[in-house]
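In: curious how this folds, go ahead:
(chains A and B)
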Amino acid sequence: MNELKLIKKAIKGNKKCLQELLILHSDQLYRTAYLYVRNREDALDVVQETSYKAFLSISQLKNEHFFLTWLTRILVNCSYDVLKKSKKEIPIDNMNEREFDKGVTGVESLDLLEAIKQLNEKYKNAIILFYFQDLPISEVAQIMNIPENTVKTYLSRGKERLKMLLGGMNHNGKKLISRGIRED
Amino acid sequence: MEKNSFQEVYEKIEVPQEDVLKAIQNGMNRASFDVPKTKRNTKIVVWSTVAAAAILVSSSFISPSMSHVMANVPLLGKIYETFNDAIGRSLQSQELITELNKTASSKGIDVTITNAYYDGAVVGVTFNVKGNLNTEESGKVVGFYEIFDGDEGISDSKELVHMEPTDDGYIGHIQLSYPESELPQEATFPLEFKTIGGKEGSWRFDVPINQLPYETVTIDKESSEEFSGVKVHFDSILFGQASTAINYTATFPIQGKHDQVRLEVYDDKGDEINISMDGIDLKTIEENDHIIVKGRSIIPQSVKGETKYLEVHPKVAINEQDQFVSLNASTPVEIKADRQNLAVTIEKITVNDHSLGVDFQVNYGDEMGRSFGFFKDFARNDVLFVKETEKDIYMEPMQHAVKTIHKDELRFRSTFDIRKLDGFNLNNYVIRVNLGSLRANIPVELDKVKMDVN
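Out: Here you go, the predicted model:
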């Protein structure tokens, strides 16, 4: 069954179909959550919350073409909820040590991820959704509820800042970003 | 690292498959327990999502409710809603959009420019595409276009555009800020699509645009900050029908080539007004040891009648070089930003057989309105121990532990493991203090400037 059919059925209340859709996107859900919360346990919590909210509100989705936009918006919100909560519950010292002890499992590009963390919220959202999650600008605009041109502004600002944060990373080769829309 | 694209980094994040599936299952189970409470609960969830989305975008200017966005099947008449273009939407309701019907055909694909507007400094174009096209998985079509023949001096002159499906084709939308400080009343701007739906070709237009009636008010107000040597002179405000442009001239010292102006704008009630395009650099010149930048910021709404004045808070993110401290230096060593009140004091350096410890204080303990977490991140990432010969190469930092010595005073201790370093001595390693990340997040704030609207 293709994805659109699955979405249509899910909207009509077919739970199996929604579950299948979430599984279809599960890598993406986890990875994007991970970019925000930066540890495995919290990322899994975000996935669970997202799944919970998706099941509760799928019937509200009016246009099946917007499924991924809708789901991502829920995911981003859940990520911030979890971040807020963890700020309250864990002293920041412990949180950093905890991440440090574990290392960032399987991720070599520590610098880039660290740098992303330091971006302010709007640039971070734009960069994560566009460059990492690979959503088109129009969908990033809808998720963030801002015009497309603002997304572009945020992307170029965010990129500029990332380059700055990453310092000399860009000295030898031109491209830091493969999907640069104006890099070439 | 350098070769890694974002995508590669993304793909490398290991997914604990089983746990993720379990998390999805758990969410599903919890939801089915909640069902008896049905309607009320559903509503709360949906609204809280909308509310959260509104918070996410701190400066929300239009808020089509989520269901509105979701319900919106792209129709030509609703194109500005579809692409979330507030200026286009407002002009459409005032019937100020010019209809054009210009078609270019190539490779069996017809592109028709349907509408255009030119309000103040903002230009918008809508178009539709018909023909046999390859769509993305999402049902959209991607095109690549150039404006002004892809002029490198113009930002966003080469872009991708995503088109939405309609009943008989696709529609698309481009918005840009006119890339000159002088705005012609009538102009044509060259627009060429080079790829549509995976097919290469050439669909070229000279889009005629006529500027809608507008009013320019000369401002001549200035705000400067002595220490950083930056000055922002507000030249004029351009009141369009559905947009407002603030034109300014910023002056930086020669080392401030990468300084960056950011504006925040508030109305007479103290509410922030959203800026959709900030810090558009129109022209940069070097003159008498200064960098002069003509810049512009766009507010995507008409402010006349909405507020008596605009209060602009100019900020400038100052470009700062990284600095280095020798391990032999007699402590304390103060590392100060050249043009801003930012500092890191290296208070003590201790070396023993297996580790090197650096005690330091950030900003003399002044948080400058930022959270402690921000400084903790800075302490972890930006005070590092590097090989002298590699100090300009930004590699993955050496593993180290950061301990907070005194939270309120922003005092930290970083401990680096030196056991595995070959040939370590006090002369071939240095401490690198990256003030860049402090200054990027703590821009210099200039005095507010009030601009009358009426």
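In: which regions of chain A sit below the pLDDT cut-off?
Out: Scanning chain A for pLDDT under 70 picks out A:1, A:86-110, A:167-184.
In: over to chain B?
Out: Using pLDDT under 70, the flagged stretches of chain B are B:1-5, B:33-77, B:395-396.
In: which stretches in it count as helices?
Out: B:6-12, B:17-34, B:38-56, B:66-71, B:79-82, B:86-93, B:372-382, B:436-441 (DSSP state H).
In: ok, for the spatially most central residue of chain A, nearest residue in space, not its chain neighbours?
Out: The C-alpha lying nearest the average C-alpha coordinate of chain A belongs to A:Thr32 (Cα atoms, centre = their mean; 3.4 Å). Counting by Cβ to Cβ, 6 or more residues apart in numbering or on different chains, A:Thr32 lies nearest to A:Gln133, which is 5.1 Å off, once chain neighbours are set aside. C-beta coordinates here come from the backbone N, C-alpha and C atoms, glycine included.
In: ok, the one you found - how many residues close by?
Out: 23 (other Cβ atoms under 10 Å in any protein chain shown).
In: got the contact list for B:Val98?
Out: Let me fix one detail, which is that residue B:98 is Thr and not Val. Applying Cβ atoms under 8 Å, 6 or more residues apart in numbering or on different chains to B:Thr98 gives the contacts B:Asn115, B:Ala116, B:Tyr117, B:Ile209, B:Asn210.
In: measure it to A:Glu64 for me?
Out: 34 Å (Cβ to Cβ, to the nearest Å).
In: isn't the residue nearest to A:Thr32 right up against A:Thr69?
Out: No - the pair A:Gln133 / A:Thr69 is not scored as a contact, 11.0 Å apart, by Cβ atoms under 8 Å.
In: any idea how the chain splits into domains?
Out: Answering for chain A, as no chain was given. A:1-107, A:108-184 (automatic domain parsing).
In: you looked at the wrong chain, it should be chain B
Out: B:18-48, B:70-210, B:215-319+B:443-452, B:323-434.
In: what's opposite B:Thr112 in the beta bridge?
Out: According to DSSP bridges, the residues that bridge with B:Thr112 are B:Thr103, B:Asn128.
In: if you could redo that for B:Thr166, that was the one I meant.
Out: Going by DSSP bridges, B:Thr166 forms beta bridges with B:Gly169.
In: quick check: it vs B:Asp19, distance?
Out: Counting by Cβ to Cβ, the gap from B:Thr166 to B:Asp19 is 42 Å.
In: ok, now B:Gly436?
Out: 38 Å.
In: ok, B:Val111 next?
Out: Counting by Cβ to Cβ, the gap from B:Val111 to B:Asp19 is 48 Å.
In: tell me which of the two has more neighbours.
Out: Higher neighbour count among B:Val111 and B:Asp19: B:Val111, with 27 against 16, using other Cβ under 10 Å.
In: beta partners for the residue lying closest to the more buried one once chain neighbours are set aside?
Out: Excluding the flanking residues, the one nearest B:Val111 by Cβ to Cβ, 6+ apart is B:Trp203, at 4.2 Å. Beta bridges link B:Trp203 to B:Phe193 when assigned by DSSP bridges.
In: now do B:Gln260
Out: Applying DSSP bridges, one finds that B:Gln260 bridges with B:Ala317.
In: I'd like to know how many residues surround it.
Out: When neighbours are counted by other Cβ under 10 Å, B:Gln260 comes out with 23.
In: try B:Asp422
Out: 4.
In: for B:Ser297, same thing?
Out: Neighbours of B:Ser297 (other Cβ under 10 Å): 24.
In: thought it was touching B:Leu282?
Out: No - counting by Cβ under 8 Å, B:Leu282 is not a contact partner of B:Ser297; they are 11.1 Å apart.
In: next, the contact list for the closest residue in space to B:Asp235 that isn't next to it in sequence, please.
Out: Leaving aside its chain neighbours, B:Asp235 sits nearest to B:Asn247 (4.6 Å; criterion: Cβ to Cβ, 6+ apart). Taking Cβ under 8 Å, 6+ apart, we find B:Asn247 in contact with B:Ser181, B:Phe234, B:Asp235, B:Ser236, B:Ile237, B:Leu238, B:Lys294, B:Gly295, B:Arg296.
In: turn those into JSON lines, including neighbour count.
Out: Formatted as JSON lines, the contacts of B:Asn247 follow (neighbours: other Cβ atoms under 10 Å in any protein chain shown):
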{"residue": "B:Ser181", "neighbour count": "16"}
{"residue": "B:Phe234", "neighbour count": "21"}
{"residue": "B:Asp235", "neighbour count": "19"}
{"residue": "B:Ser236", "neighbour count": "16"}
{"residue": "B:Ile237", "neighbour count": "22"}
{"residue": "B:Leu238", "neighbour count": "22"}
{"residue": "B:Lys294", "neighbour count": "17"}
{"residue": "B:Gly295", "neighbour count": "22"}
{"residue": "B:Arg296", "neighbour count": "26"}
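In: among the residues you listed, which ones are in strands?
Out: Among those, DSSP state E puts B:Phe234, B:Asp235, B:Ser236, B:Ile237, B:Leu238, B:Lys294, B:Gly295, B:Arg296 in strands.
In: now do the contacts for the nearest residue to the fourth one once chain neighbours are set aside.
Out: On the basis of Cβ to Cβ, 6+ apart, the spatially nearest residue to B:Ile237 that is not a chain neighbour turns out to be B:Val217, at 5.1 Å. Remark: with contacts taken as Cβ under 8 Å, 6+ apart, B:Val217 is in contact with B:Ser236, B:Ile237, B:Phe239, B:Met451, B:Asp452.
In: next, A:Leu35: secondary structure please.
Out: helix (DSSP: H, G, I helix; E, B strand; the rest coil).
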